[in-house]
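*Asks:* I need the structure of the sequence given here:
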Amino acid sequence: MVQKILNLPAEAFQNLQQLFTFVNSGEIKEYLENHPYLVAFLQEAYVEIRKCFPTEQLVLKVRATSRTDTDSELVVLIQTIGEQWLARPNFNQFKNEWWFKAQQHYEEVSIYPQ
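*Replies:* So this is what the prediction gives:
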């Protein structure tokens, strides 16, 4: 079981707020307090996403799921510009170059174009 930290360092949380648009920052902070190892992962994910989606807005939110042990997960939504199907080649590149390997270790996070 992952040990819960009482306070997520404010600097780490603020750094993520610079990278992602938060939907319900209180939920995200609580989730990250329970999964502190995801802070570094999200920072790495940001860099990798930007290689394929350099200007799109990235939205971070907590979503209920039955897929993980915790009944919730973090979701990164890549806000694509124009028709979503136009983003598919970039998303496939992202998945092939990084996401397929990374998600094996971080089932608490999902990344989708929107």
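
*Asks:* Under the pLDDT cut-off, which ranges of the chain? List them.
*Replies:* 1-7, 66-70 (pLDDT under 70).

*Asks:* let's see 90
*Replies:* Within the chain, the set of residues satisfying pLDDT under 90 comprises 1-13, 34, 64-72, 80-87, 99-112, 114.

*Asks:* Do a quick rundown of the helices in it.
*Replies:* For the chain, applying DSSP state H gives helices covering 10-19, 25-34, 38-52, 88-94, 100-102.

*Asks:* for the nearest residue to Phe20 once chain neighbours are set aside, what are its contacts?
*Replies:* In space, and not counting its chain neighbours, Phe20 is closest to Leu60: 4.0 Å by C-beta to C-beta, 6 or more residues apart in numbering. Quick note: C-beta positions are derived from backbone N, CA and C, even for glycine. By C-beta atoms under 8 Å, 6 or more residues apart in numbering, the contact list for Leu60 reads 16, 20-23, 28, 42, 74-77.

*Asks:* Equivalent analysis for Leu42, please.
*Replies:* By C-beta under 8 Å, 6+ apart, the contact list for Leu42 reads 16, 19-20, 60, 74, 76, 109.

*Asks:* And these, which two are furthest apart?
*Replies:* Leu19 and Val109 (13.9 Å; C-beta to C-beta).

*Asks:* so what's the residue nearest the centre of the chain closest to, chain neighbours aside?
*Replies:* With distances taken as C-alpha atoms, centre = their mean, Val76 lies nearest the centre of the chain, 3.9 Å away. What sits nearest to Val76 in space, not counting adjacent residues and going by C-beta to C-beta, 6+ apart, is Ile111, at 4.5 Å.
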